[in-house]
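Student: Structure, please.
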Amino acid sequence: MPERRRGADLEGAILDAAWAELNAHGYAGLTMDAVATRAGTSRPVLARRWDGRAALVIAAIRRRMADYPVNVPDRGDVRVELNEMFDLAAKRATAMAAAFTLFSTEYSRSKGKAPNDLRAMLSYDEPDILALILERGVARGEIDAGRLTPPIAHLLSDLFRHHVLMTWSAPDADLRTAWIDTIFLPLVSAEKACF
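Tutor: Coordinates of the predicted model:
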């Protein structure tokens, strides 16, 4: 007789099962019973931990996100750090794009929430890596803080997110580099333009 799982082991098995069900059947086809069966447990065990399938799927996506952390240490160069951030974000997006898109569409429809509300729930305890990189760039004199208006400061994240949501795939390295070199850095560079 197999040993009964508890605590983190059981929770991990349930979240892995929820992720597998989400990928296999989408949010609309995911049921608590199917997740329980796949995890080798019962529906009441799930109900004690999560208040419905939306909460369970959010927890499963957050678990998968943790497998692809987007942490960028100080490299001494804002361009290098932005490219590294995009490389890490692309790995995460590639692993998660289709499942997240299917879930976010159904979740938004059933809960009446905007995609931004879901994004906030999924990333509530993650640091804002782009903001940190930009702060370091300002401190090093690479970026003009006065040019970092809210639309500009969020531009790279917005471009990346839009691409993932429209294509269900991460932008390739050449496109990401073009965003940094031909759009973003010219807008925020601390170097004086010569006219």
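Student: Which other helices and strands does the longest helix along the chain contact?
Tutor: When the chain is parsed with DSSP state H, its longest helix is helix 78-111. Here helix 78-111 touches helix 7-29, helix 53-66, helix 115-122, helix 129-139, helix 155-167, helix 173-178, going by 3 or more Cβ pairs under 8 Å, 6 or more residues apart in numbering; DSSP states H and E. Quick note: C-beta positions are derived from backbone N, CA and C, even for glycine.
Student: Contact partners for F86?
Tutor: L156, F160, P171, A173, R176, I180 (Cβ atoms under 8 Å, 6 or more residues apart in numbering).
Student: Wait, the fourth one touches D87, no?
Tutor: Yes. With the criterion set as Cβ atoms under 8 Å, A173 and D87 qualify as a contacting pair; they are 7.5 Å apart.
Student: so what's M96 up against?
Tutor: Neighbouring residues of M96 by Cβ under 8 Å, 6+ apart: I61, R64, M65, Y68.
Student: what do you get if the cut-off is 10 Å, keeping everything else the same?
Tutor: Going by Cβ atoms under 10 Å, 6 or more residues apart in numbering, M96 touches W19, N23, I61, R64, M65, D67, Y68, F103, L122, V164, W168, A170.
Student: most centrally placed residue in this structure?
Tutor: M65 (6.2 Å; Cα atoms, centre = their mean).
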